[in-house]
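A.B. asks: sharing a model that was predicted from the sequence below.
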Amino acid sequence: KQEVTQIPAALSVPEGENLVLNCSFTDSAIYNLQWFRQDPGKGLTSLLLIQSSQREQTSGRLNASLDKSSGRSTLYIAASQPGDSATYLCAADNYGQNFVFGPGTRLSVLP
Amino acid sequence: KAGVTQTPRYLIKTRGQQVTLSCSPISGHRSVSWYQQTPGQGLQFLFEYFSETQRNKGNFPGRFSGRQFSNSRSEMNVSTLELGDSALYLCASSFYMGSSYNEQFFGPGTRLTVL
């Protein structure tokens, strides 16, 4: 059974800093790993999808990497902005049946 | 292209009642998944439908059910509501769960409050 954890649970940084969010999963036989952001009380916004055959994906200031052998993914945010403040969730698929979500990292970027 | 829509956005019910939530996926997407999000348990998978068939189901009691129509729209129903059912219910659509490319797109959710 797939289990996903995220470290740290919360992070507060000053504007302009580069930061890394970590995601670990127990079963490396995944099809995909997806990163989302969630603003308070809202739905999830897809940030990046990494297919199992890929090692990383980039979108603007975001870069996500995937290391299946170690069961880890990282989300790198460059030059953080106050608008990046949100909860970031990673999700790994569970034998292709559904996605299993981590508990999230709550990010605060201070102006 | 329109995103995933969910109706209603907010619901207030009392214990023992039943409720039906609706989800319209992105055009062309045939897989619809439902998740429950609570502060204590996080995001938990309820079930997934593809081509009107429930393919996968999470660990929830039988009071939680769903269905999918031929146009891929999906509904979920919760009967005999309990206080613990208060949550944000999220719907996600994708092309096909289980493929190597299966980006999920989420709707805004339905906030259910059970009094």
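C.D. replies: Thanks, I have the structure now.
A.B. asks: what's the spacing between the residue in chain A that chain B sits nearest to and residue B:30?
C.D. replies: When scored by Cβ to the nearest Cβ, chain A has residue A:96 as its residue closest to chain B, at 3.3 Å. (C-beta placed from N, C-alpha, C; glycine too.) To residue B:30, residue A:96 is 15 Å away according to Cβ to Cβ, to the nearest Å.
A.B. asks: these two touch, right, residue A:27 and residue A:2?
C.D. replies: Yes. Residue A:27 lies in contact with residue A:2 (Cβ atoms under 8 Å); the separation is 4.7 Å.
A.B. asks: residues in chain A within reach of chain B, list them.
C.D. replies: A:31-32, A:34, A:36, A:41-46, A:49, A:51-53, A:89, A:91, A:93-94, A:96-104 (Cβ under 8 Å from any Cβ of the partner chain).
A.B. asks: with neighbour numbers in mind, choose between residue A:27 and residue A:2.
C.D. replies: residue A:2 (19 against 16; other Cβ atoms under 10 Å in any protein chain shown).
A.B. asks: check the secondary structure at the more buried one for me.
C.D. replies: coil (DSSP: H, G, I helix; E, B strand; the rest coil).
A.B. asks: tell me which residues touch it, please.
C.D. replies: Listed by Cβ atoms under 8 Å, 6 or more residues apart in numbering or on different chains, the contact partners of residue A:2 are A:25-27, A:30, A:92-95, A:100.
A.B. asks: which of these count as buried?
C.D. replies: For the contacts of residue A:2, a neighbour count by 16 or more other Cβ atoms under 10 Å in any protein chain shown gives the buried set as A:25, A:27, A:30, A:92-94, A:100.
A.B. asks: can you tell me the closest non-neighbouring residue to the most centrally placed residue in chain B?
C.D. replies: Centroid check for chain B by Cα atoms, centre = their mean gives residue B:34 as the closest residue, at 3.0 Å. Leaving aside its sequence neighbours, residue B:34 sits nearest to residue B:46 (Cβ to Cβ, 6 or more residues apart in numbering or on different chains; 4.1 Å).
A.B. asks: look up how far residue A:37 lies from the one you found.
C.D. replies: 22 Å.
A.B. asks: for these two, work out which one has more neighbours and name it.
C.D. replies: Neighbour tally, residue B:46 and residue A:37, criterion other Cβ under 10 Å: the higher count belongs to residue B:46, 22 against 19.
A.B. asks: and that one, what helix or strand is that in?
C.D. replies: strand B:42-50 (DSSP states H and E).
A.B. asks: which helix or strand lies directly C-terminal to that strand?
C.D. replies: Downstream of strand B:42-50 (by DSSP H and E), the next one is strand B:53-57.
A.B. asks: pull the CA atoms of that following strand into CSV?
C.D. replies: What follows is strand B:53-57, C-alpha atoms only, in CSV (Å, rounded to 0.1, in the frame of the first residue of the first chain):
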residue,chain,number,x,y,z
THR,B,53,-18.0,1.9,-14.1
GLN,B,54,-16.6,2.1,-10.6
ARG,B,55,-13.1,0.8,-11.0
ASN,B,56,-11.5,1.6,-7.7
LYS,B,57,-12.8,2.2,-4.2
